[in-house]
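Engineer: Attaching a predicted model along with its sequence, questions to come.
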Amino acid sequence: MAASFAGCIQKSPLSVAHKLPHKPLSFAPVSLISYKSSSHLVCSSVSLSSPANSGAGVPLFGGVRDEKNLKDRSAFAQTEAVRHLTGSLTSAAGFRFAVVVARFNEIVTRPLLNGALETFSRYSVKDEDIDVVWVPGSFEIGVVAERLGKSKKYDAILCIGAVVRGDTTHYDAVSNSAASGILSASLNSGVPCIFGVLTTENMDQAMNRAGGKSGNKGAEAALTAIEMASLFEHHLKEQ
Ligand SMILES: Nc1c(NC[C@H](O)[C@H](O)[C@H](O)CO)[nH]c(=O)[nH]c1=O
Ligand SMILES: CC(=O)[C@@H](O)COP(=O)(O)O
């Protein structure tokens, strides 16, 4: 499915190795000034502040800093450009998403889901490109996420739940199982499954993260889903 934007590939030269004279002047302190030259080579020059000086830079090593000279100096050699592959967040039009949401603690998961859907809409994802699947609790998310991922119908699977500690250790079993289940779904299906499950000590912490003073973690997880869908679409397509 062709996404409507190009992923970002940024080329940038590795930091340029340059030689300083073997015996730099012993002035305190040294500040490194970097600037871009017209040749897009990141050049650095070192200026030394002399004790007698008001702190302004002093000519470097006996000569006024000469940017042209610096550019021409053989000591500067551009190294192999490093490719940075990232997903794009400009628009998610054309991507298909599944959202697996736990009904347990629906007072929390419903606003998380709404935050995610609003984010998808803001990034041009059509309603018809989103399937929402309800499961009883966070423990059930993993198996459903894996089945959806293996269907290859979706570019990413967003998993939403709210595990709130009670009086027993059940919290640990459910939260750990939810996390490992969602991770396994990602790895076994090859489709990004995004961990949007709150694990909190109490209900206040959960509500604060479902549209309260700590934001909406469902909306944040939706952004992660968009970025991962873009990264896979543009840079990690299976051959
Ligand atoms: N206590 C919470 C649960 N418990 C239910 C489990 O997720 C699971 O549905 C049950 O153990 C049957 O397999 N689920 C949550 O999502 N959040 C909780 O706080
Ligand atoms: C996360 C849970 O399973 C928890 O809500 C269950 O509560 P309790 O430990 O009091 O049974």
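Structural biologist: That came in fine, so what should we check first? Ligands and ions are numbered 1, 2, ... in the order given.

Engineer: Would you mind listing the residues in contact with the residue in the chain positioned nearest to ligand 2?
Structural biologist: Per Cβ to the nearest ligand atom, Gly166 is where the chain lies closest to ligand 2, at 2.1 Å. Just so you know, the C-beta spots here come from the backbone N, C-alpha and C atoms, and that holds for glycine as well. By Cβ atoms under 8 Å, 6 or more residues apart in numbering, no residues touch Gly166.

Engineer: and it, what element?
Structural biologist: Using DSSP states H and E, Gly166 sits within no helix or strand.

Engineer: Now the phi/psi pair for it, please.
Structural biologist: When read as degrees, to the nearest 10, the backbone of Gly166 gives phi -110, psi -140.

Engineer: any idea how far Ile160 is from it?
Structural biologist: For Gly166, the distance to Ile160 equals 20 Å [Cβ to Cβ, to the nearest Å].

Engineer: Likewise for Ala222?
Structural biologist: 9 Å.

Engineer: Who has more neighbours out of these two?
Structural biologist: More crowded of Ala222 and Ile160, by other Cβ atoms under 10 Å: Ala222, with 32 against 29.

Engineer: Would you confirm that that one contacts Leu158?
Structural biologist: Yes: between Ala222 and Leu158 a contact is recorded at 6.1 Å, counting by Cβ atoms under 8 Å.

Engineer: Need the residues touching each of those two.
Structural biologist: 116, 196.

Engineer: overlap in contacts of Ala222 and Ile160?
Structural biologist: The contact sets of Ala222 and Ile160 overlap at 116, 196 (Cβ under 8 Å, 6+ apart).

Engineer: If we ignore the residues flanking it in sequence, what's nearest whichever residue of the chain sits closest to ligand 1?
Structural biologist: Closest residue of the chain to ligand 1, Cβ to the nearest ligand atom: Gly137 (2.3 Å). Excluding the flanking residues, the one nearest Gly137 by Cβ to Cβ, 6 or more residues apart in numbering is Phe104, at 3.9 Å.

Engineer: cool, and His235?
Structural biologist: In space, and not counting its chain neighbours, His235 is closest to Leu85: 4.3 Å by Cβ to Cβ, 6+ apart.

Engineer: Could you list the residues of the chain in contact with ligand 1?
Structural biologist: Contact residues (Cβ under 6 Å from any ligand atom) of the chain with ligand 1: 102, 104-105, 136-140, 161-164, 170, 174.

Engineer: Buried ones from those, can you make that a ChimeraX selection?
Structural biologist: Restricted to buried positions by 16 or more other Cβ atoms under 10 Å, the ChimeraX selection for the residues of the chain next to ligand 1 reads:
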select :102,104,105,137,138,139,140,161,162,163,164,174
